[in-house]
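Asker: Here is my input; please provide its structure:
(2 chains)
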There are 2 protein chains.
Amino acid sequence: MSNLARIRQAAGVLDGVARRTPLLSSPFLDEIAGRRVLVKAECLQHTGSFKLRGAWFAISQLPEGDRARGVIAFSSGNHAQGVAYAARAAGIPAVIIMPQDAPALKIANTRALGAEVVLYDRATEDRDAIGAELSTTRGLSLIKPFDNADVIAGQGTVGLEIAQDAAALGIEQADVLVCCGGGGLTSGVALGLSETRLRARPVEPEGFDDVARSLREGKIVHNAALTGSICDAIITPAPGQITFPILAQRCGPGLTVTDDQALQAVALAFQRLKIVVEPGGAVSLAAALFHPALVEGDTVICVATGGNVDAAMFTRALTTLEG
Amino acid sequence: MSNLARIRQAAGVLDGVARRTPLLSSPFLDEIAGRRVLVKAECLQHTGSFKLRGAWFAISQLPEGDRARGVIAFSSGNHAQGVAYAARAAGIPAVIIMPQDAPALKIANTRALGAEVVLYDRATEDRDAIGAELSTTRGLSLIKPFDNADVIAGQGTVGLEIAQDAAALGIEQADVLVCCGGGGLTSGVALGLSETRLRARPVEPEGFDDVARSLREGKIVHNAALTGSICDAIITPAPGQITFPILAQRCGPGLTVTDDQALQAVALAFQRLKIVVEPGGAVSLAAALFHPALVEGDTVICVATGGNVDAAMFTRALTTLEG
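Answerer: Numbering: from 1, shown residues only, chains lettered A, B, ... in the order given. Predicted coordinates for the structure are as follows:
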């Protein structure tokens, strides 16, 4: 099956499950960007991010016996909630492995979605060993956050929806900016757009631009650090073994924004679109608003990937509106 | 034409103009309310509130010669932005009369949407006299905020969409809670639901429950005060001459919530739905969450009417999540 056919299959599986998120806009944002800005609001997706799509489709594709035994994931963030939500809906067990020092609210939310949370000590314990032990003894299937063809196909339904909505609006050509961590969503969107003249482009935080640099150098390169940005949702060591070749073949050049620009985009999405976006989910909008010269076309489409931000960080973002 | 036929006509005029807003949900909100909670997110409407619907339809129904001369409205809030946006799209002048002490951001936003803003001094000038003078000399048509049959029909498209979406979800019976000022939206929704077993119910802030009391007493009664609630978008002196008979015939009993409950609902909509709702647009959700015993049925539908809230008030709402 072609990549696009697989994404269409995922769209069928996700029909009535994933929310078809709207493309939002505001004349005030258009004015800042100097072109029409459309925002695909995946923060309105169930569990507050696009991650549900890939998790759901990947779980649906497990052989029935494996699926019944349950799934396991390593995540303290959006992927954890996507897997927990999808597993509960499928009626199967989910084990989520998180560091002991993960925010209490994220642990509580993941448990409230029905998952068993296993905590480990980052200093003294080996996460992978704990996961391997649980997988073996309980027969759990690992759902990786991005380097998995079914996860990529699930995330690709975002691209398919964008292609359909853009066609309905008469938009033939545009950059589609995607907040990019390991590249699961970005590669999926690029595949979902493959029969259009829309072009996916990854956006990352400054200093954590492994994907942009990998694309420039034509090979996988790593970030120097893994902490130090407020855009925690999209900080990964490097693009994936499966995602990178797709990104290299299909995406336009990467863009980077500062943490402060991401915060301003969070605030403008609050003020002009009335949506809650986390900093890592707002880098796409930040690139459209603050780097317009690096974008091509009359229209730019930004995927606002998630909205799981705490009150303190959101309040901090809102202070950028004053003065 | 029947009221429902008129709403259907308005839906045709608004097709491709008003955004068809989604019904959002979260298992966390369902748990608080003890039943399924669906939130119609009209904060995601263009201009950040449902007001665009009524303004657009009312302008479309003006005789062509009148329409070309332009429209006038008294408002410092959501109605002003709805009228300004609709008038610009129709290519006609809009004059918005606002008090001099209206928030600078609201004045700037209304001007940015292309309207001419005329300011008056509440202490020394008569708003109605200024409006009458402008209407006469320039031939402007007054677009009232709620006591106008076309405005009611436009707002009624919210009810029509709820009826359609509820049917698609297999929901046959539910209370539909609507944030209520003068009753334009609530009466329109009630009419839009008239061929269903869904029941519109107005929700107001404590101390400003003119509609709930009017419904109980079977006649129009007034609020004792017009200031003193953070729910400014829905503070009006009394239900309208046109809206009240519709409300009396078609709505269930009114509900009231405290300002603090409205703020908590704003915060929970942030945390669980990832939408920005203003306090006056969140009283419906507050009633569902904090007065479940007064609501009937397995499902409750809440209209989140608007999201035009400033950073300071939103930050205040978020503090209710802590501790």
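Asker: Quick one: neighbours of A:E116, just the number.
Answerer: Residues near A:E116, counting by other CB atoms under 10 Å in any protein chain shown, number 16. To be clear about C-beta, it is placed using only N, CA and C from the backbone, and glycine gets the same treatment.
Asker: I'd guessed it sits against A:V95; true?
Answerer: Yes - between A:E116 and A:V95 there is a contact under CB atoms under 8 Å: 4.9 Å.
Asker: Residue numbers of the stretch 1-150 of chain A in contact with chain B?
Answerer: Within the stretch 1-150 of chain A, the positions adjacent to chain B are A:19, A:21-22, A:24, A:27-28, A:41, A:43-44, A:48, A:109, A:112-113 by CB under 8 Å from any CB of the partner chain.
Asker: Next, A:G139: phi, psi?
Answerer: Reported as degrees, to the nearest 10, the phi and psi values for A:G139 are phi 70, psi 30.
Asker: How about A:A174?
Answerer: Note on A:A174: backbone dihedrals following degrees, to the nearest 10 are phi -170, psi 150.
Asker: Show me what it is bridged to.
Answerer: Note on A:A174: beta-bridge partners A:L198, judged by DSSP bridges.
Asker: residue contacts, it?
Answerer: Counting by CB atoms under 8 Å, 6 or more residues apart in numbering or on different chains, A:A174 makes contact with A:166, A:198-199, A:297-301.
Asker: do the same with A:A73
Answerer: Shown in contact with A:A73 (CB under 8 Å, 6+ apart): A:55, A:79-80, A:83, A:94-97, A:142-145.
Asker: Correct me if wrong, but it is in a helix.
Answerer: No - with DSSP: H, G, I helix; E, B strand; the rest coil as the criterion, A:A73 is assigned strand and is not in a helix.
Asker: Spatially, what comes nearest to it if we skip its sequence neighbours?
Answerer: A:V83 (4.4 Å; CB to CB, 6 or more residues apart in numbering or on different chains).
Asker: Could you count how many residues lie near the one you found?
Answerer: 32.
Asker: hang on, it in a helix?
Answerer: Yes - counting by three-state DSSP, A:V83 falls inside a helix.
Asker: Correct me if wrong: it contacts A:R53.
Answerer: No - counting by CB under 8 Å, A:V83 sits too far from A:R53 to count as a contact (11.6 Å).
Asker: returning to that earlier point: can you select the buried ones among the contacts of A:A73 for me in ChimeraX?
Answerer: Remark: buried members of these, expressed as a ChimeraX selection using 16 or more other CB atoms under 10 Å in any protein chain shown:
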select /A:55,79,80,83,94,95,96,97,143,144,145
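Asker: any chance of the contacts of A:A73 in JSON lines, plus secondary structure?
Answerer: Below are the contacts of A:A73 laid out as JSON lines (three-state DSSP):
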{"residue": "A:A55", "secondary structure": "helix"}
{"residue": "A:H79", "secondary structure": "helix"}
{"residue": "A:A80", "secondary structure": "helix"}
{"residue": "A:V83", "secondary structure": "helix"}
{"residue": "A:A94", "secondary structure": "strand"}
{"residue": "A:V95", "secondary structure": "strand"}
{"residue": "A:I96", "secondary structure": "strand"}
{"residue": "A:I97", "secondary structure": "strand"}
{"residue": "A:L142", "secondary structure": "strand"}
{"residue": "A:I143", "secondary structure": "coil"}
{"residue": "A:K144", "secondary structure": "coil"}
{"residue": "A:P145", "secondary structure": "coil"}
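Asker: Adding pLDDT, write the contacts of A:A73 out as TSV.
Answerer: Below are those laid out as TSV (pLDDT from 0 to 100):
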residue	pLDDT
A:A55	98
A:H79	95
A:A80	95
A:V83	97
A:A94	97
A:V95	97
A:I96	96
A:I97	95
A:L142	95
A:I143	96
A:K144	94
A:P145	94
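Asker: got the buried residues for the helix or strand hosting A:V211?
Answerer: For A:V211, the host element (DSSP states H and E) is helix A:210-217. Neighbour counts over helix A:210-217 (16+ other CB under 10 Å) mark A:210-215 as buried.
Asker: what's the answer for stretch A:33-51, then?
Answerer: Neighbour count says stretch A:33-51 has A:33, A:35-51 buried, by 16+ other CB under 10 Å.
Asker: what residues are up against A:D310?
Answerer: A:103, A:105.
Asker: for A:P237, that is, sorry about that
Answerer: Residues near A:P237 by CB under 8 Å, 6+ apart: A:210, A:222-223, A:226.
Asker: how about 7 Å then?
Answerer: A:222-223, A:226 (CB atoms under 7 Å, 6 or more residues apart in numbering or on different chains).
Asker: tell me the mean pLDDT for stretch A:186-200?
Answerer: The average pLDDT for stretch A:186-200 rounds to 98.
Asker: May I have the helix or strand hosting A:I32 as CSV, with CA atoms only?
Answerer: For A:I32, the element it lies in under DSSP H and E is helix A:27-33. Provided in CSV are the C-alpha atoms of helix A:27-33 (Å, rounded to 0.1, in the frame of the first residue of the first chain):
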residue,chain,number,x,y,z
PRO,A,27,-7.5,39.5,10.1
PHE,A,28,-5.2,40.7,12.9
LEU,A,29,-2.9,37.8,12.4
ASP,A,30,-3.0,38.3,8.6
GLU,A,31,-1.8,41.8,9.1
ILE,A,32,1.1,40.8,11.3
ALA,A,33,2.2,38.1,8.8
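Asker: sorry, back to before: and the residue nearest to A:A73, how far is that from B:E31?
Answerer: 20 Å (CB to CB, to the nearest Å).
Asker: With A:N78 instead?
Answerer: 21 Å.
Asker: Equivalent analysis for A:L140, please.
Answerer: Separation of A:L140 from B:E31 (CB to CB): 27 Å.
Asker: These two - which one has more neighbours?
Answerer: Using other CB under 10 Å as the criterion, A:L140 and B:E31 rank with A:L140 on top: 20 against 11.
Asker: so what's that one closest to, chain neighbours aside?
Answerer: A:I72 (4.1 Å).
Asker: ditto for A:G252
Answerer: A:R201 (4.2 Å).
Asker: Okay, and the one you found sits in which element?
Answerer: strand A:197-205.
Asker: How far does that strand sit from its chain's centre?
Answerer: 13 Å (CA atoms, centre = their mean, to the nearest Å).
Asker: ditto for stretch A:202-212
Answerer: 14 Å.
Asker: Quick check: the residue of the stretch 1-150 of chain A nearest chain B.
Answerer: Closest contact between the stretch 1-150 of chain A and chain B, by CB to the nearest CB, is at A:C43 (4.4 Å).
Asker: so who does that residue touch?
Answerer: A:49, A:275-277, A:281, A:304, A:306-307, B:274.
Asker: could these go into JSON lines alongside distance to A:P292 and secondary structure?
Answerer: JSON lines is the format used below for those (distance: CB to CB, whole Å; DSSP: H, G, I helix; E, B strand; the rest coil):
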{"residue": "A:S49", "distance to A:P292": "26", "secondary structure": "strand"}
{"residue": "A:I275", "distance to A:P292": "21", "secondary structure": "strand"}
{"residue": "A:V276", "distance to A:P292": "24", "secondary structure": "coil"}
{"residue": "A:V277", "distance to A:P292": "19", "secondary structure": "coil"}
{"residue": "A:G281", "distance to A:P292": "20", "secondary structure": "helix"}
{"residue": "A:A304", "distance to A:P292": "18", "secondary structure": "strand"}
{"residue": "A:G306", "distance to A:P292": "24", "secondary structure": "strand"}
{"residue": "A:G307", "distance to A:P292": "24", "secondary structure": "coil"}
{"residue": "B:K274", "distance to A:P292": "26", "secondary structure": "coil"}
